[in-house]
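Q: sequence first, then the predicted structure, then my questions.
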Amino acid sequence: MHNKIVVIADDIRSSHNVGSLLRTCEGLGVEKVYLSGYTPYPITKNDTRLPHIAQKITNKIVKTSLGSENTIAWEHVDDLELLIDDLKTKGYQIVAVEIDESATALNKIKFQDKTAFIFGNEATGIPVEHLKYANKTIYIPMLGKKESFNVVQCAAMVLYAARYID
């Protein structure tokens with residue numbers, strides 16, 4: 001079982017996906033969730049967004065998080081490169097979850113004890129300029145005709161595998 005797992009949600013569009021992701025991460029023992037890019041995030045202590053906008057976004061997140069935004073550590077980050085540099089300095093392996101020619105199938109990978117997973121935009125995935133930060137890229141093999149799973153379904157499968165499957 002891996003001791004330290006963090007998640008980076010980069011450019012996720014849907015507040016409902018963010019809430020569901022927080023709930024999934026909390027249930028699978030993720031240490032911290034980083035919300036980067038334009039990913040919606042709950043109200044913060046010194047929030048600079050207009051209050052009614054921040055509250056509207058928070059309400060949407062809470063609908064699916066069911067309070068997990070209060071029970072899991074999370075942070076909104078503006079500088080993804082700085083975050084990843086910091087995580088690498090702390091010994092984290094950076095793993096991008098993306099359909100890519102160089103990606104390794106989830107069932108063929110071994111994870112390190114400290115792993116940071118990057119999950120990207122629901123429609124466009126992780127931008128190429130962000131893939132370069134990853135030590136590895138993985139994908140989930142699919143049997144159906146669709147090319148990808150919903151970002152939270154994907155995260156649940158990857159995090160479960162990283163947590164419980166050696």
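A: Alright, I've got the coordinates.

Q: just the strands in this structure please.
A: Using DSSP state E, the strands found in the chain span residues 4-10, 32-36, 73-77, 93-97, 104-105, 114-119, 136-139.

Q: can I get those strands in a markdown table with mean pLDDT?
A: Listed next are those as a markdown table, based on pLDDT from 0 to 100:
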| stretch | mean pLDDT |
| --- | --- |
| strand 4-10 | 97 |
| strand 32-36 | 98 |
| strand 73-77 | 97 |
| strand 93-97 | 97 |
| strand 104-105 | 96 |
| strand 114-119 | 98 |
| strand 136-139 | 96 |
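
Q: ok, which of these comes nearest residue 164?
A: Of all the strands of the chain, the one in closest proximity to residue 164, counting by Cβ to Cβ, is strand 4-10 (11.3 Å). For every residue, glycine as well, the C-beta is placed using N, CA and C.

Q: what's the closest one in contact with?
A: With contact meaning Cβ atoms under 8 Å, 6 or more residues apart in numbering, strand 4-10 is reached by 18, 21, 25, 28-37, 39, 80, 83-84, 87, 92, 113-121, 126-127, 130, 151, 155, 159, 162-163.

Q: any idea of the angle that strand forms with strand 93-97?
A: Using axes from the mean of the first three to the mean of the last three Cα atoms, to 10 degrees, the inter-axis angle of strand 4-10 relative to strand 93-97 is 40 degrees.

Q: note down every partner strand of strand 4-10 and its orientation.
A: Within its sheet, strand 4-10 is paired with strand 32-36 (parallel), strand 114-119 (parallel), according to DSSP bridges.
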